[in-house]
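J.: Requesting a structural model of the entry that follows:
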Amino acid sequence: MVTHVAPPGWPREVRAPDAPGWERTAVNWMLDLCPPDYRSYPALRRHVVVLARFTVLHVEACQAAVKRGLSEARAELRDVAPLDVVDAAVETLLAEEARLSGVRRAAGLVEDALRGRRYVARL
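T.: Numbers count the residues shown, from 1 in each chain. Have a look, this model is predicted:
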């Protein structure tokens, strides 16, 4: 009996490595994470490992943008928004930072699997 194992942090939208159609679900998930224009590049659609690398880089760029936003939010927004709005913006950035951390882990796991890494179930 074949058991397909996905590690903790694996995206729920993507089937486990080696499950039927898993690469198709991975491609769809990665394209949903990336800018829409990525769908028009034939090299990214034909070479899933290249798409995975682009996806990881895109998510890391988003993380850098959120980190910058957090470092500048109060100074940049204090003159254009009330304090409660600035606080809400900071909270939003913190939530996005946490979300992106999980997305980065998931994208890295998918990239590793596309490069041939497989996972073993543990008790």
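
J.: Which residue would you name as the spatial centre of the protein?
T.: In the chain, the residue lying closest to the centroid (C-alpha atoms, centre = their mean) is residue 103, at 3.3 Å.

J.: any weak-confidence spans in this protein?
T.: For the chain, the stretches with pLDDT under 70 are 1-2, 123.

J.: what's the residue of it positioned farthest from its centre in contact with, if anything?
T.: Distance from the centre of the chain peaks at residue 79, with 33.0 Å (C-alpha atoms, centre = their mean). Taking C-beta atoms under 8 Å, 6 or more residues apart in numbering, we find residue 79 in contact with no residue. Just so you know, the C-beta spots here come from the backbone N, C-alpha and C atoms, and that holds for glycine as well.

J.: List the buried residues in the lengthiest helix in the chain.
T.: For the chain, the longest helix by residue count, based on DSSP state H, is helix 83-114. Residues of helix 83-114 classed as buried: 86, 89, 93, 96, 100, 103-111, 113-114 (neighbour count, 16 or more other C-beta atoms under 10 Å).

J.: same check, this time on stretch 50-70
T.: 51-56, 58-59, 62-63, 66, 69.

J.: how about a markdown table for those residues, with distance to residue 38 added?
T.: Below are these laid out as a markdown table (distance: C-beta to C-beta, whole Å):
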| residue | distance to residue 38 |
| --- | --- |
| 51 | 8 |
| 52 | 12 |
| 53 | 12 |
| 54 | 7 |
| 55 | 8 |
| 56 | 13 |
| 58 | 8 |
| 59 | 12 |
| 62 | 14 |
| 63 | 18 |
| 66 | 20 |
| 69 | 23 |
